[in-house]
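build me a structure from this.
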Amino acid sequence: MEYQVRNAFMEDLERVQEIYAYARAFMRKTGNPNQWSNNHPPLEQLQEDVQNRDLYVICRNGIIHGVFYFFIGEDPTYGRIDGGCWRSDSDYGTIHRIAGDGSGGILKTAVAFAKQQIFHIRIDTHEDNHVMQHAVAKEGFQKRGIIYIADGSPRIAYDLLTE
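As a prediction, this is how the structure comes out:
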């Protein structure tokens, strides 16, 4: 059975936090100890994302296996890009804070969902997150340069054009 994507609800947040805890441990184990602190993303952020209908869960047989933030519109973190440029100035969707429980196929599912919404998708990751760098390249994203998140730390930025 394939995964299904749906908006997250407040009652999903306990499971969502378990998935983020798993993802943080996985990142530490695979050489990326600095991308997310022990409480990232904070519960308040997740609650706001649910209220704004920007947080999605990936389910199979009623069990949540993954989570991601998806928003169509201008993302302030992508306003400045060093060492490259975006391939398009068109409207775009952004995938952030994607995580899974180890079941596999989470990024592929989130990207397929995003492609159904808009043809230009952006994503970024930490320089130490080699697993994610490989995964986004496998999904067809192209490295575009370096962007900076709210705290000023750099991230490798990618985009995908499907048209």
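
bridging residues for Ile121?
Beta-bridge partners recorded for Ile121 (DSSP bridges): Gly93, Leu160.

below-threshold pLDDT in this protein: ranges please.
1 (pLDDT under 70).

which residues in it form strands?
4-7, 55-60, 63-72, 93-100, 120-125, 142-148, 154-161 (DSSP state E).

okay, buried residues for the first one please.
Judged by neighbour count using 16 or more other C-beta atoms under 10 Å, the buried positions of strand 4-7 are Val5. The way it works is simple: take the backbone N, C-alpha and C, and place the C-beta from them, glycine included.

go on, the second one?
By neighbour count, and taking 16+ other C-beta under 10 Å as the criterion, the buried residues in strand 55-60 are Leu55, Tyr56, Val57, Ile58, Cys59.

now do the last one
Applying a neighbour-count criterion of 16+ other C-beta under 10 Å, the buried positions in strand 154-161 are Arg155, Ile156, Ala157, Tyr158, Asp159, Leu160.

chain center to the longest helix seen in the chain: distance?
Secondary structure of the chain per DSSP state H: the longest helix is helix 13-29. Here helix 13-29 is found 13 Å from its chain centre; the criterion is C-alpha atoms, centre = their mean, to the nearest Å.

quick one: contacts of that helix?
8, 33, 35-36, 38, 40-41, 43, 46-47, 50, 55, 57, 64-67, 97, 99-102, 129, 131 (C-beta atoms under 8 Å, 6 or more residues apart in numbering).

can you show me the CA trace of that helix as CSV?
Output of helix 13-29 as CSV, limited to C-alpha atoms (Å, rounded to 0.1, in the frame of the first residue of the first chain):
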residue,chain,number,x,y,z
LEU,A,13,1.7,16.1,17.3
GLU,A,14,2.8,13.5,19.8
ARG,A,15,3.6,11.1,17.0
VAL,A,16,5.1,13.9,15.0
GLN,A,17,7.5,14.8,17.9
GLU,A,18,8.5,11.1,18.1
ILE,A,19,9.4,11.2,14.4
TYR,A,20,11.5,14.3,14.9
ALA,A,21,13.2,12.7,17.9
TYR,A,22,14.1,9.7,15.7
ALA,A,23,15.3,12.0,12.9
ARG,A,24,17.5,14.0,15.3
ALA,A,25,19.1,10.7,16.6
PHE,A,26,19.6,9.5,13.0
MET,A,27,21.3,12.8,12.0
ARG,A,28,23.7,12.6,15.0
LYS,A,29,24.5,9.0,14.1
